[in-house]
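A.B. asks: kindly generate the corresponding structure for this input.
(one chain, ligands or ions: 1)
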Amino acid sequence: MAKILITGAGGYIGSVATYLFLQKGYEVVGIDNFARGFRQPLELLQSKFGEKQFRWYEADLKNDLSPIFEKEKGIQAVAHYGAFCNVDESLTHPELYFANNTWGCAHLVETMVKYNVLHLVFSSTCAVYGQSQYVPLDEKHPVNPITPYGESKHLAEKVVEWYAKLKGLSYVMFRYFNVCGASDDSLIGDSKKPSFHLMQNAIRGAFGIEPFKLTCPQVDTPDKTPIRDYLNVVDLNESHFMGLEYVLKGGQSQAINLGTGTGNSVYEIIKTVEEVTGKKVEVSSGALRKGDPTKLVASIEKAEQVLGWKPKRTIKESVETLVKWYQQHPHGWKN
Ligand SMILES: NC(=O)c1ccc[n+]([C@@H]2O[C@H](COP(=O)([O-])OP(=O)(O)OC[C@H]3O[C@@H](n4cnc5c(N)ncnc54)[C@H](O)[C@@H]3O)[C@@H](O)[C@H]2O)c1
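C.D. replies: Numbers count the residues shown, from 1 in each chain. This next block holds a predicted model:
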């Protein structure tokens, strides 16, 4: 099995990814600067899988990563999840996003090339598309980000493309829609505090951990709430194994959307949380977001054609795993 580096290993998606790659038998080296992530899941995974299979380092993508590549010889590929991803924050602090997401990625790929690690699976986002001109959104949709977050990822994609052209890097860039759920056994979940994800917030609201605020405007859907594409975090990471194996076997570098291809309204998610928890989600109104599109759903045909990937888990299963995670960790990871 390949030896891989996972960046952002202490974050939500990166920690679930680390768990899954370890379960598949990969040797994993994790890095995180813990600006937004947590050590606890990595300590837990190291005690479960042992130091021989999993080691992690506190490191910032913007700093010198050579000591890690020197020490961890034989890394074959990188799964790059480490980034900031709060759209609202990016509107008030764009500098954080360009420095971290764009420059952090550039510095990572430069170091990869220096150490002849030429395979990359990169977490991008549907935010690179900006306002949708049609749905479902496929990869041919114009790329025109409308937030610094989306732009910082779009620029990171450009960096990756240039390193592919000039330095022989091969990649799959996955443009995720909304990610939800926890690992299937609920051992690893999302600890963002405060969270900016609907499902997480609805569950926290149901358990009285934090009041739930509805921030979406009324739109033209049957229940008047926006429709988004919520993909289970394990399904999402399954595509990353396939993407990684694909680039390792010489597959063509490209961008691929990841979602379910169908959507759920905000109220549908709230109702599913109520059904699973047996508790009422008290909904109060927060500051309404402006310009929220009515419906954003991914076309996932390319993921299926290129990788043979399809999501398997239902929205209810995602809510169930995340509910169990919050029951065990109502206030998230400790450190
Ligand atoms: N969560 C979603 O719904 C979603 C949707 C689309 C794309 N994405 C992308 O997926 C990736 C992971 O998202 P997440 O939800 O797990 O976020 P997260 O904040 O939980 O995890 C990101 C991790 O990266 C780490 N990190 C950030 N900057 C770093 C740096 N300079 N050096 C080292 N570590 C650094 C953070 O400390 C954190 O642990 C991000 O790249 C994000 O843009 C997420």
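
A.B. asks: can you list the neighbours in contact with the lowest-mean-pLDDT helix or strand in the chain?
C.D. replies: Lowest on mean pLDDT, DSSP states H and E among the helices and strands of the chain sits strand 283-285, with a mean of 82. By Cβ atoms under 8 Å, 6 or more residues apart in numbering, the residues outside strand 283-285 that reach it are 205, 211-215, 270. In this view, the C-beta of every residue, glycine as well, is placed from N, C-alpha and C.

A.B. asks: out of those, which one has the lowest pLDDT?
C.D. replies: Across the contacts of strand 283-285, the bottom pLDDT score, 84, is held by residue 215.

A.B. asks: now do the contacts for that residue.
C.D. replies: Contacts of residue 215 by Cβ under 8 Å, 6+ apart are 285-289.

A.B. asks: which among the residues you listed gets closest to residue 231?
C.D. replies: Nearest to residue 231, judged by Cβ to Cβ, of the contacts of residue 215 is residue 289 at 20.9 Å.

A.B. asks: near the ligand, which residues of this protein?
C.D. replies: Listed as neighbours of the ligand in the chain under the rule Cβ under 6 Å from any ligand atom: 7-8, 10-14, 31-37, 60-62, 81-85, 100, 104, 123, 125, 176, 178-179, 192.

A.B. asks: which SS class is residue 225?
C.D. replies: Taken by DSSP: H, G, I helix; E, B strand; the rest coil, the conformation at residue 225 corresponds to coil.

A.B. asks: residue 197 against residue 178, yeah?
C.D. replies: Yes. Contact criterion Cβ atoms under 8 Å: residue 197 and residue 178 qualify, at 7.1 Å.

A.B. asks: returning to that earlier point: list only buried entries from the contacts of strand 283-285.
C.D. replies: Using 16 or more other Cβ atoms under 10 Å as the burial test, these include 205, 212, 214, 270 as buried.

A.B. asks: tell me how far the first one lies from residue 219.
C.D. replies: Spelled out, that is residue 205. Residue 205 sits 21 Å away from residue 219, going by Cβ to Cβ, to the nearest Å.

A.B. asks: longest helix in this protein, please.
C.D. replies: helix 148-167 (DSSP state H).

A.B. asks: quick one, the helix or strand following that one and helix 148-167 angle?
C.D. replies: Using DSSP states H and E, the next helix or strand after helix 148-167 towards the C-terminus is strand 170-176. In terms of direction (axes from the mean of the first three to the mean of the last three Cα atoms, to 10 degrees), strand 170-176 departs from helix 148-167 by 170 degrees.

A.B. asks: chain center to strand 170-176: distance?
C.D. replies: In terms of Cα atoms, centre = their mean, to the nearest Å, the gap separating the centre of strand 170-176 from the centre of its chain is 12 Å.

A.B. asks: same question for stretch 144-154.
C.D. replies: That offset, for stretch 144-154, works out to 16 Å (Cα atoms, centre = their mean).

A.B. asks: point out where the stretch 151-300 of the chain drops to low pLDDT.
C.D. replies: 290-291 (pLDDT under 70).

A.B. asks: now do the helices in it.
C.D. replies: Secondary structure of the stretch 151-300 of the chain, counting by DSSP state H, counting those that start in this stretch: helices at 198-206, 233-248, 266-277.

A.B. asks: all strands of the stretch 51-200 of the chain, in order?
C.D. replies: Using DSSP state E, counting those that start in this stretch, the strands of the stretch 51-200 of the chain run over residues 54-58, 77-80, 119-125, 170-176, 178-180.

A.B. asks: done for today, thanks.
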